[in-house]
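Novice: with the sequence up front, the predicted model follows.
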Amino acid sequence: MTTYDFPQDLCDARLALHQTRATYEQHARTLPWSAGPTPGWEGDKQLHSDYLSSRPDSPGYTEDQHRELAVFRARFLEVGAMVSPYPFRSTRERGAVVAGRMALEHTHEAAATDEAV
């Protein structure tokens, strides 16, 4: 397996992107199912299933919730703009870019394993 000597700022940016996404997903679970006020609904019974899909009425997002989502979007753009066009990628052969990207996604796991030993 090829090992990569990723620059620390690239590893930090990738970790920040991962942490931002995890925090956003956790926050999104607390929000109403619809951004705007929407009446609830109940679906029809489907063939070969007893499951009935349904949703309760949604009050929509509050102004604070809209602002919080805007902060997450801005952070995604900021950190993503550091990770995606990083010059390190242009120093690799074309076939090695995907393998390098996949290795970068797991650098924080390798660092945690090294610290535990």
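Specialist: Arrived safely. Numbering: from 1, shown residues only.

Novice: distance between the ends of stretch 46-62?
Specialist: 34 Å (CA to CA, to the nearest Å).

Novice: figure out how far that stretch is from the centre of its chain.
Specialist: 25 Å (CA atoms, centre = their mean, to the nearest Å).

Novice: quick check: mean pLDDT of it?
Specialist: Across stretch 46-62, the average pLDDT comes to 92.

Novice: in space, what's closest to the residue nearest to the spatial centre of the chain - neighbours in sequence excluded?
Specialist: The chain has R21 as the residue nearest its centroid, 3.3 Å off, counting by CA atoms, centre = their mean. In space, and not counting its chain neighbours, R21 is closest to F76: 7.5 Å by CB to CB, 6 or more residues apart in numbering. C-beta coordinates here come from the backbone N, C-alpha and C atoms, glycine included.

Novice: likewise for P56?
Specialist: G40 (4.6 Å).

Novice: so the one you found is in contact with S53, correct?
Specialist: No. In this structure, G40 is not within contact of S53 by CB atoms under 8 Å, at 11.2 Å.

Novice: low-confidence stretches in this protein?
Specialist: Low-confidence segments of the chain, defined by pLDDT under 70, are located at 1-4, 87-105, 108-117.

Novice: ok, 80 please
Specialist: 1-6, 84-117 (pLDDT under 80).

Novice: show me where it has its strands.
Specialist: In the chain, the segments counted as strands under DSSP state E are 41-42, 54-55.

Novice: the first one packs against which elements?
Specialist: Packing contacts for strand 41-42, counted by 3 or more CB pairs under 8 Å, 6 or more residues apart in numbering; DSSP states H and E, involve strand 54-55.

Novice: thinking again about what came up before, check contacts around the residue nearest to P56.
Specialist: When contacts are counted by CB atoms under 8 Å, 6 or more residues apart in numbering, G40 touches S54, R55, P56, D57, S58.
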